[in-house]
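J.: need a 3D model of the following:
(2 chains)
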Amino acid sequence: MGATPRRRAVITGVGVTAPGGQGIKAFWNLLTDGRTATRRISFFDPAPFRSQVAAEVDFDPELCGLTPQEIRRMDRAAQFAVVTAREAVADSGLAFEAIDPRRTGVTIGSAVGATMGLDEEYRTVSDGGRLEHVDHTYAVPHLYNYMVPSSFAAEVAWAVGAEGPATVVSTGCTSGLDAVGYAADLVREGTADVMIAGATDAPISPITVACFDAIKATTPRNDDAEHASRPFDASRNGFVLGEGSAVFVLEDLEHARARGARIYAEVAGFATRSNAFHMTGLRPDGTEMAEAIRVALDEARLNPEDLDYINAHGSGTKQNDRHETAAFKRSLGGHAYRTPVSSIKSMVGHSLGAIGSIEIAASVLAMVHNVVPPTANLHTPDPECDLDYVPLTARDQLTDAVLSVGSGFGGFQSAIVLARPDREPR
Amino acid sequence: MTGRTLVTGLGVVAPTGLGVEEYWAATLAGRGAIRRITRFDPSSYPSRLAGEITGFDAAAHLPNRLLPQTDRMTRLSLVAADWAFADAGVAPAELPDYDVGVITASHSGGFEFGQNELRALWSKGGQHVSAYQSFAWFYAVNSGQISIRGGLRGPSSVVVSDQAGGLDALAQARRQIRKGTSVVISGAVDASLCPWGWVAQLTSGRLSTRDDPRHAYLPFDERAAGHVPGEGGALLVLEAEQHARERGARVYGEIAGHASTVDPRPGSDRTPTFQHAVELALADAGSDPGDIDVVFADAAAVPELDRAEAEAITKVFGVRGVPVTVPKTTTGRLYSGAAPLDLAAALLSIRDGVIPATTGSRLSPAYDIDLVTDTPRPAPVRTALVLARGHGGFNSALVVRAADTPTHGRKA
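T.: The predicted model follows:
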């Protein structure tokens, strides 16, 4: 391979739209205060449903700079992605006039695409479910863009001026990790110099709530919405649906250095594996997630002992939190007990495909501030979840390398390793 | 990192044929499957034709327990995957752990399944929504179900880039093979022929409203007036060269090059990027334009899109510089399934030394391309280019070539 140095993908810009406030600052304040953004659903009357709580974003698209036509043609999830991508680009200081748009790509993760728009439009064209032969004369002109969520990647590309490879990565609840892992590969192999990569989802609609009700995946703790998301706690009984987006500017390390960019972290390792077991079930031993973690660490050239923090999937379902705990022990050995592990889903809920990117954002901010966010609502640990989950309060912690993991329907298990680019390789 | 990625198995589910040989025989004979929709009564809609798959009996191929939890496109995918592995002579369960992955493209997920559950929700209430809705409609479902059925524990993914997605999935599969996975099944199968899917597709503004199947989808023809949608696609077994050679696999060809781009925002004064995608894919393959023996065009059959594609082909290959064909005039456009099916056709062209025809189209004098029309054209085919474009400005191009082509002097 000659003298060409290995290309490395680094994060130089971060944008976040999460429950509890727009932008990085509000997000980080919420997390480090250990406050929660879960509440009774306000978007529609949740009374007919088993689970009536969610982590909603108070989002005003006009205040966030979208034009009336952009607002009309984009589903809420696309709006999140565009606003958040612009924030990330602004944060990166990247002057788009100065770079080659054809060397700039986009990968946006989303589990359920424009599900809110589809739910609403179906209701209209079917006249509230009355018509089996739905009436096309009532369809909005951009319904095709709701049907096919690659419209999200196109919107982000148009918003930032990217003309390189663009796609949506849709692997359920690991989409937000997988989209960033995909982008890092494109930067490393030289297909792109800059990738706008992240994820978005806005699933808080009747159809989503109903489908998770049907399998009792979401919590029925409706009388205590603020404390409804309880990862690793003995009393946990399901996840809390959330929404939001996080988007990053990823670029080749040399490209970033040449323009004097602030470098948050390197996407040092990524891997995904499948459990090939069940569309919604998990084997308790965590074998496949452990394998993904091992491969990601190997790619990052790090040992388990190098990890300072683990950002958990921690959804708050009975089976997930045990599965994941087993995976950490299996892959990291004794270091699993010595590393702080936390789940921000306790505060911002589970935004399906978006959460993986939102958790990467939390991990990046942990490295910036050397503070690990807590697991809120963790009062009574489940005896089968016996790691250090940083209950209730944030913790000062030198953080040079972070593991973030995701697990989702379809059996997908993903792991990403973030590290300071100037670390000593093993 | 430097080994080649070979195609060793094909699984085809197309309106014109179930299985590789049935599809290929129909394609060479120019037998079309576009007809008035039978799945639902289309009379109230402005477009009424589609390429439907007929004679597919899911229960004959899949266990009963899978039927209530799967959309039609997932059932077709599972069968296509079975056939592709059988064609490759690969039994995934016999390979080492994590050595087989699945990377598919999706267009609209299990849209019909979603339609039925939305109807249950709004007509009867939330408690009537199926326990399977949480995964049966979402875009990742085919990869997940294929992984479970075959015991595939390697890298899995799902990409969505409208009709260009099928090629992007194959490129991502090649990427995983280069990183060390031995086998990845990849491609796409789509189906959304239901009233709700139809209404959503109509809003693209690109559907033909003609009622005569022979004149409904005529790309590069003066009569072009939109496309006819279809259902189906192809899944292909991609394999690391060394792995395929060691087991003495029959090889269809090599995935030699790929590139994808997205066009500037509509109304922008910047140049569209389709031609650039073609040039990048050739460069990635280490191929010159003169090496390409046939182009499988995207063929939107929307006049301005046909013109853009014809111009890009002419700029890269010269006036009538390369045979161009569109076998999908017989199947309709299969969304993300279309390009993987074209890729299967390209590999069969390499195998049999024949270029299938663009059945039905007469080349418009406005385009300086060598469109293969009427009857298949015998020709030695060693290298083929497959093109795909998606709504929103997605462009993807993929080069395949005969696997016995020497790699000397080429970028591996």
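J.: can you name the next helix or strand after the worst-scoring helix or strand of chain A on mean pLDDT?
T.: Considering only helices and strands, the least confidently modelled element of chain A by mean pLDDT, DSSP states H and E is strand A:21-22, at a mean of 84. The element immediately downstream of strand A:21-22 (helix or strand, assigned by DSSP states H and E) is helix A:23-33.
J.: CA atoms of that next one as CSV?
T.: Output of helix A:23-33 as CSV, limited to C-alpha atoms (Å, rounded to 0.1, in the frame of the first residue of the first chain):
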residue,chain,number,x,y,z
GLY,A,23,-29.2,21.9,20.2
ILE,A,24,-26.1,20.5,21.9
LYS,A,25,-26.1,22.7,25.0
ALA,A,26,-29.7,22.0,26.0
PHE,A,27,-29.1,18.3,25.3
TRP,A,28,-26.0,18.1,27.4
ASN,A,29,-27.5,20.1,30.3
LEU,A,30,-30.5,17.7,30.4
LEU,A,31,-28.2,14.7,30.5
THR,A,32,-25.7,15.9,33.1
ASP,A,33,-28.5,17.2,35.3
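J.: so which bits of that helix are buried?
T.: Buried residues in helix A:23-33, counting neighbours by 16 or more other C-beta atoms under 10 Å in any protein chain shown, are found at A:23, A:24, A:26, A:27, A:28, A:30, A:31, A:32. C-betas here are computed from N, CA, C, even on glycine.
J.: how near is residue A:278 to residue B:144?
T.: Distance, residue A:278 to residue B:144, using C-beta to C-beta, to the nearest Å: 9 Å.
J.: ok, the two, which is more surrounded?
T.: Counting neighbours by other C-beta atoms under 10 Å in any protein chain shown for residue A:278 and for residue B:144 shows that residue B:144 has the greater number, 29 against 14.
J.: okay, and that one sits in which element?
T.: Following DSSP H and E, one finds residue B:144 within helix B:141-150.
J.: just checking, residue A:414 is part of a strand?
T.: Yes. Per DSSP: H, G, I helix; E, B strand; the rest coil, residue A:414 lies within a strand segment.
J.: would you mind listing the residues in contact with it?
T.: With contacts defined as C-beta atoms under 8 Å, 6 or more residues apart in numbering or on different chains, residue A:414 is in contact with A:171, A:174, A:177-178, A:181, A:270-273, A:292, A:356, A:405-407.
J.: tabulate the residues you listed (CSV), appending neighbour count and pLDDT.
T.: Putting these into CSV (neighbours: other C-beta atoms under 10 Å in any protein chain shown; pLDDT from 0 to 100) gives the following:
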residue, neighbour count, pLDDT
A:171, 34, 98
A:174, 35, 98
A:177, 35, 98
A:178, 33, 98
A:181, 29, 98
A:270, 25, 98
A:271, 24, 98
A:272, 28, 98
A:273, 28, 98
A:292, 31, 98
A:356, 33, 98
A:405, 29, 98
A:406, 32, 98
A:407, 28, 97
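J.: now do the helix or strand encompassing residue A:15, average pLDDT.
T.: Element membership of residue A:15 [criterion: DSSP H and E] is strand A:9-18. Averaging pLDDT along strand A:9-18 gives 98.
J.: is that strand anywhere near chain B?
T.: No. Counting by C-beta under 8 Å from any C-beta of the partner chain, chain B has no neighbours in strand A:9-18; the shortest distance is 13.9 Å.
J.: contact residues of the stretch 201-350 of chain B facing chain A?
T.: Where the stretch 201-350 of chain B comes near chain A, counting by C-beta under 8 Å from any C-beta, the residues are B:201-204, B:259-265, B:270, B:273, B:276.
J.: change it to 10 Å
T.: The stretch 201-350 of chain B comes close to chain A at residues B:201-206, B:258-268, B:270-273, B:276-277, B:280, B:284, B:335-336, as judged by C-beta under 10 Å from any C-beta of the partner chain.
J.: show only the entries of these found in strands.
T.: B:258, B:259, B:260, B:261, B:262 (DSSP state E).
J.: for residue A:76, state which of those residues is nearest.
T.: Here the nearest of those to residue A:76, counting by C-beta to C-beta, is residue B:262; it sits at 22.1 Å.
J.: state the number of residues packed around that closest one.
T.: Residue B:262: 33 surrounding residues under other C-beta under 10 Å.
J.: now do the same contact list for it.
T.: Shown here is residue B:262, whose contacts under the criterion C-beta atoms under 10 Å, 6 or more residues apart in numbering or on different chains are A:101-102, A:104-106, A:150, A:153-154, A:156-158, A:162-167, B:161, B:164, B:272-273, B:277, B:390, B:392-396.
J.: wait, residue A:87 sits on residue A:26?
T.: No. Between residue A:87 and residue A:26 there is no contact, the gap being 11.6 Å when judged by C-beta atoms under 10 Å.
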